[in-house]
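Peer 1: no sequence on this one, just coordinates:
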Ligand SMILES: [Zn+2]
């Protein structure tokens, strides 16, 4: 529902409601770890906004940011803002960006959710923090589970499988697979986000050649999830 896809990027803005712009860059937009390239993308799509990004250490720390913030923010994996003059971004290549937005409280944010952060409950801790920080009802919060590796392609070792509750692990022909997107969805719901306010982008980074995938490409190149208040 509500997403627009071009060769260069996907647009999830409408899944979050009005007042926000939420994009994900595809391979055709180039490697976002190349800062000149990332800045050019930001200028094209988020005119006048300053890019703010996290150090992404696979932890669970959320930081509120504004135009004064100096990037990258070390040891931070989730960003939130009420400042319309910044665009928040998270780099990914199989990890899953989770966008969130509340129209009434007027803030937008993004979470870097890889298996490490998810296993440390980054979704729950971020939702707890914003609920304390902002005057909002979690029932009005809208979220998008962005492009990332799906349950059919996130094959894990036996050791890694043990990190997750059994209900999220599937055994298939002697191999083990973990459903990270389902964990994200259930953690959002247990934090009070309504099921109808959780939009799954449906993109798997591993199977979609338009999206950078570390597992498939073994490359340092990254796509980027962007969100900005309008
Ligand atoms: Zn897949």
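Peer 2: It's in. Because the structure is predicted, anything quoted here is derived from the model rather than measured. Residues are numbered from 1 along each chain as shown.

Peer 1: residues from the protein in reach of the ion?
Peer 2: Taking C-beta under 5 Å from the ion as the contact definition, the chain meets the ion at 150, 152-153, 204, 206-207. Every residue, glycine included, has its C-beta placed from N, CA and C.

Peer 1: which one of these has the most neighbours?
Peer 2: residue 150 (22 neighbours; other C-beta atoms under 10 Å).

Peer 1: need the contact list for it.
Peer 2: 179, 181, 204, 206-207 (C-beta atoms under 8 Å, 6 or more residues apart in numbering).

Peer 1: can you lay out those residues as CSV showing secondary structure and pLDDT?
Peer 2: What follows is those, written out as CSV (DSSP: H, G, I helix; E, B strand; the rest coil; pLDDT from 0 to 100):
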residue, secondary structure, pLDDT
179, coil, 98
181, helix, 98
204, strand, 98
206, coil, 97
207, coil, 97
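
Peer 1: nearest to the ion, of those residues?
Peer 2: When the contacts of residue 150 are compared for distance to the ion (C-beta to the ion), residue 204 wins out at 3.0 Å.

Peer 1: so that closest one makes contact with residue 152?
Peer 2: Yes. Taking contacts as C-beta atoms under 8 Å, residue 204 lies within contact range of residue 152: 7.5 Å.

Peer 1: low-scoring stretches of this structure, by residue?
Peer 2: The chain contains residues with pLDDT under 70 at 1-2.

Peer 1: what's near enough to touch the residue nearest the centre of it?
Peer 2: Per C-alpha atoms, centre = their mean, the C-alpha nearest to the average position across the chain is that of residue 97, at 1.3 Å. Residue 97 sits next to 24, 90, 110-113, 146-148, 225 when contact means C-beta under 8 Å, 6+ apart.

Peer 1: next: residue 128.
Peer 2: Contact analysis of residue 128 by C-beta under 8 Å, 6+ apart lists residue 191.

Peer 1: and for residue 135?
Peer 2: Residue 135 is in contact with residue 105, counting by C-beta under 8 Å, 6+ apart.

Peer 1: helix, strand, or coil at it?
Peer 2: Put simply, residue 135 is coil when judged by DSSP: H, G, I helix; E, B strand; the rest coil.

Peer 1: distance-wise, check it relative to the ion.
Peer 2: Between residue 135 and the ion the computed distance is 39 Å (C-beta to the ion, to the nearest Å).

Peer 1: ditto for residue 134
Peer 2: For residue 134, the distance to the ion - C-beta to the ion - is 34 Å.

Peer 1: please report phi then psi for that residue.
Peer 2: Backbone torsions of residue 134, given as degrees, to the nearest 10, read phi -120, psi 150.
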